[in-house]
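Peer 1: Predicted model and sequence follow; I will ask about them next.
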Amino acid sequence: MPDIKFSTSQKTAIVDEIQKYFEKELDQELGQFDAEFLLDFFSEKVGSYYYNQGLNDARAILDDKLDTITESFYELEKITEFG
């Protein structure tokens, strides 16, 4: 899996959310550098779990859609002497 990279605007938005969370939930002020460091840490150490779960979710949706398509083929079949 390639490293998880965010655009500058995405990283800014995520860092802002981290800072808001620390302020609201933990009553602690977290500087931008520390919030970026925390984001980088979680991206490196935990990001793969979210990435893999996203792939599994997408795979499950695709499998479901393929089952529906396969069922549609059977519905289109004509009855013949050969079953």
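Peer 2: Perfect, thanks for sending it.

Peer 1: List the buried residues for the helix or strand hosting Phe37?
Peer 2: In the assignment (DSSP states H and E), Phe37 maps to helix 32-45. For helix 32-45, burial by neighbour count (16 or more other C-beta atoms under 10 Å) applies to 35-36, 38-39, 43. C-beta: built from backbone N, CA, C; applies to glycine.

Peer 1: swap in stretch 19-30?
Peer 2: Those would be 19, 22, 30, for stretch 19-30 by 16+ other C-beta under 10 Å.

Peer 1: These into JSON lines, with extra columns for secondary structure, pLDDT and distance to Leu55?
Peer 2: Listed next are those as JSON lines, based on DSSP: H, G, I helix; E, B strand; the rest coil; pLDDT from 0 to 100; distance: C-beta to C-beta, whole Å:
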{"residue": "Gln19", "secondary structure": "helix", "pLDDT": "98", "distance to Leu55": "30"}
{"residue": "Phe22", "secondary structure": "helix", "pLDDT": "97", "distance to Leu55": "30"}
{"residue": "Leu30", "secondary structure": "coil", "pLDDT": "97", "distance to Leu55": "31"}
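
Peer 1: would TSV of those with distance to Ser72 be doable?
Peer 2: As requested, those are arranged in TSV below (distance: C-beta to C-beta, whole Å):
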residue	distance to Ser72
Gln19	50
Phe22	51
Leu30	53
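
Peer 1: What is the nearest of these to Thr12?
Peer 2: Comparing the buried residues of stretch 19-30 against Thr12 with C-beta to C-beta places Gln19 closest, at 10.7 Å.
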